[in-house]
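> fold the following, please.
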Amino acid sequence: MGNPLNLPFDPIERAHENWTRRWGASPAMAAVTSIMRAQQILIGQLDNALKPYELTFARYEALVLLTFSATGQVPLGKIGERLMVHPTSVTNTIDRLERQGLVRRRPNPNDGRGTLAEITDSGREVVEHATRDLLAMEFGLDCYDDDELWQIHTLFAKLRVNFGDFPGGPDTMREPTEK
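Residues are numbered from 1 along each chain as shown. The predicted model follows:
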């Protein structure tokens, strides 16, 4: 549901007001509801921008991961780990990309039972064009300036560290880079 709601009020604020009357104020409820709505909005905008390439954002991420690898190929299990998705989702994603001619499967020479996904020249070309489009729209976050974007990144890095995605520390809270 990435379409504008065009309501005369903020439904999340209204929900929080109702919540407060029933159970007491909960900034966490308001925040998580806002995050979930933001995700809906962003996925809708990103998928719409990627539609000319017949990609979803999930498939785009897989292509980018393959582009970043030194050899252009990554074991399917590693793709799931890096994109933080279930193996079934990786299989589905690679199946679709393969049907589009953007990826090919290859046996993993280091693991007789394993499979590598390898980006094709067409896949590399699509990534370049799609990335230009996403950068032009600031990944749907063009209403924020660079400092605000780094603040958002830092706030969510704290959540991810607390969850155990990676160890925390001063080096995990990245400072903005000069342009």
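
> CA only for contacts and neighbour counts going forward, please
Will do.

> using the three-state scheme, assign residue 104.
Of the three states, residue 104 takes strand under DSSP: H, G, I helix; E, B strand; the rest coil.

> pretty sure it is touching residue 119, no?
Yes: with contact defined as Cα atoms under 8 Å, residue 104 reaches residue 119; the gap is 6.5 Å.

> ok, those two, which is more surrounded?
Using other Cα atoms under 10 Å as the criterion, residue 104 and residue 119 rank with residue 119 on top: 27 against 18.

> that one touches residue 100, doesn't it?
No: using Cα under 8 Å, residue 119 is not in contact with residue 100, being 11.3 Å away.

> contact partners for residue 61?
Shown in contact with residue 61 (Cα atoms under 8 Å, 6 or more residues apart in numbering): residue 83.

> so which strand or helix has it?
Applying DSSP states H and E as the criterion places residue 61 in helix 57-68.

> run the chain-centre distance for that helix.
10 Å (Cα atoms, centre = their mean, to the nearest Å).

> immediately after that helix, which helix or strand?
Following helix 57-68 in sequence, per DSSP H and E, is strand 73-75.

> hmm, who's touching that following strand?
Counting by Cα under 8 Å, 6+ apart, 66, 108, 114, 115, 116, 117, 118, 119 sit against strand 73-75.

> may I have whatever helix or strand comes next after it exported as CSV, CA atoms only?
With elements assigned by DSSP H and E, the helix or strand that comes after strand 73-75 is helix 76-83. Only the C-alpha atoms of helix 76-83 are listed here, as CSV (Å, rounded to 0.1, in the frame of the first residue of the first chain):
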residue,chain,number,x,y,z
LEU,A,76,23.1,-18.9,-2.8
GLY,A,77,23.5,-19.4,1.0
LYS,A,78,25.7,-16.4,1.3
ILE,A,79,23.2,-14.3,-0.7
GLY,A,80,20.5,-15.2,1.9
GLU,A,81,22.9,-14.3,4.7
ARG,A,82,23.9,-11.0,3.3
LEU,A,83,20.4,-9.9,2.2
